[in-house]
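In: Any chance you could fold what I've pasted below:
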Amino acid sequence: MRIGPWTLPNPIFIAPMAGVTDRPYRRLCKTLGAGYAVSEMAASNKRLWDSVKTSRRLNHEGEADPVAVQIAGSDPEMMAEAAVFNISKGARIIDINMGCPAKKVCNVASGSALLRDEPRIIEILEHVVKACTPYQVPVTLKTRTGWDAQSRNAVRIARLAEDIGIAALTLHGRTRCDFYQGHAEYDTIREVKNSLSIPVIANGDIDSPEKAKFVLEYTGADAVMIGRAAQGRPWIFREILHYLEHGEHRAAPTFGELRDCMIEHLQDHYAFYGQHTGVRTARKHIGWYLSDMPDSRHWLDQINRIENCADQLEAITHWFQECDLDQPYLQ
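Out: Below is the predicted model of the structure:
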């Protein structure tokens, strides 16, 4: 599929997740088959642009194009300014967040809170598209099916977005009030796809090759976006792609492949965050990779007490010495 001038290599995407899909993880997922990745959510408030957190989120050094940056906010002019600022930092696609259900986002009337204010949605989309047009940078939108089950307005918003000039739309099959509870529904995604001519990306509960195939066929979506299922399982993209292309499962990674993947990821992670932050933020990734292993709780408790990157990496390397590296790793 295409987003503006960009032809993407495959329709299996990694979803933007705050605190997860940083530059090292996006690069890893692309290496393991993700056809597209969007950055963590970047604030539209310019007073935050010089903060350490935002500066990291704006760092795309060494990342393959198209670099896609997600912005969030509720002020149309600030959102437009943020789009242009991120273009100056290397963004080739701007994605607007109207899907985040987090209270700290919704409490400032951004993210999925905007689903209750359609006139404001129109203003934001118009301002951002207008600001990006001179740079020939396409704008995409990520949203949910509505605020709650009684006010699903995704079809109406999708049509407005297409008319304004949005280049592609990602739809999570839950309302804001659902958060991540229950099951995603795909009827609304199918209805949106049938209503638009721009690409539609389906998101929500896609956690296996079979589920990806079902969602693509049921909704008619142009692509699927994988979120939580990719945490600690970045090879899910190549697994899904292989299944779609060949109708069979790709062999599971071996413990040796898992070791090499983790070491590469953690080394990139440490280099990106530095010693103090890197050893701490790596803990969640290590937990996702290995939490299903026997006796992992005790071992992970020990890992979480380590205070420097070198010792953390050495502990992981030592753990793998107890494994048969040729055996498949099944999560």
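In: Next up, phi/psi of D50, please.
Out: Backbone torsions of D50, given as degrees, to the nearest 10, read phi -90, psi 0.
In: show me the contacts for it.
Out: Not one residue lies near D50 by C-beta atoms under 8 Å, 6 or more residues apart in numbering. For glycine as for every other residue, the C-beta is placed from the backbone atoms N, C-alpha and C.
In: Would you mind giving me the confidence score for it?
Out: We have a pLDDT of 73 for D50.
In: Look up how far L325 lies from it.
Out: 45 Å (C-beta to C-beta, to the nearest Å).
In: Contact partners for G62?
Out: G62 touches 23, 27, counting by C-beta under 8 Å, 6+ apart.
In: Can you tell me the element it falls in?
Out: Using DSSP states H and E, G62 sits in no helix or strand.
In: give me phi/psi at it?
Out: phi 80, psi 0.
In: any idea whether D95 is helix, strand or coil?
Out: strand (DSSP: H, G, I helix; E, B strand; the rest coil).
In: Buried ones in stretch 319-327, by neighbour count?
Out: W319 (16 or more other C-beta atoms under 10 Å).
In: Give me the distance from that stretch to the chain's centre.
Out: 31 Å (C-alpha atoms, centre = their mean, to the nearest Å).
In: Same check on stretch 23-36?
Out: Worked out by C-alpha atoms, centre = their mean, stretch 23-36 lies 10 Å from the chain centre.
In: So which residues make contact with that stretch?
Out: 3, 8-14, 21, 37, 39, 56, 59-64, 66, 68, 223, 226, 230, 234-235, 237-241, 261, 264-265, 268-269, 271-272, 285.
In: again, only this time at 7 Å
Out: Identification of contacts with stretch 23-36 by C-beta atoms under 7 Å, 6 or more residues apart in numbering yields 8-14, 37, 59-60, 63-64, 68, 230, 234-235, 237-238, 241, 265, 268-269, 272.
In: Sort out which of these are buried, if you could.
Out: By 16+ other C-beta under 10 Å, those give 8, 10-14, 37, 60, 63, 68, 230, 234-235, 237-238, 241, 265, 268-269, 272 as buried.
In: Just the residues you listed: which are in helices?
Out: Counting by DSSP state H, the part of the buried ones among the contacts of stretch 23-36 found in helices is 237-238, 241, 265, 268-269, 272.
In: Dump these into CSV; add distance to R26 and pLDDT as well.
Out: What follows is those, written out as CSV (distance: C-beta to C-beta, whole Å; pLDDT from 0 to 100):
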residue, distance to R26, pLDDT
F237, 12, 98
R238, 15, 97
L241, 17, 98
H265, 11, 97
D268, 10, 97
H269, 12, 97
F272, 11, 96
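In: among those residues, which two are most distant?
Out: L241 and F272 (26.3 Å; C-beta to C-beta).
In: quick one: which of the ones in helices among the buried ones among the contacts of stretch 23-36 is nearest S88?
Out: With C-beta to C-beta as the yardstick, the closest approach to S88 among these comes from F272, at 21.0 Å.
In: Look up how far P328 lies from that closest one.
Out: Taking C-beta to C-beta, one finds F272 at 30 Å from P328.
In: residues in contact with E185?
Out: G173.
In: and if we set it to 8 Å?
Out: 145, 173-174.
In: so can I have CSV of these showing secondary structure and pLDDT?
Out: Compiled in CSV, the contacts of E185 are given as follows (DSSP: H, G, I helix; E, B strand; the rest coil; pLDDT from 0 to 100):
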residue, secondary structure, pLDDT
T145, coil, 91
G173, coil, 94
R174, coil, 91
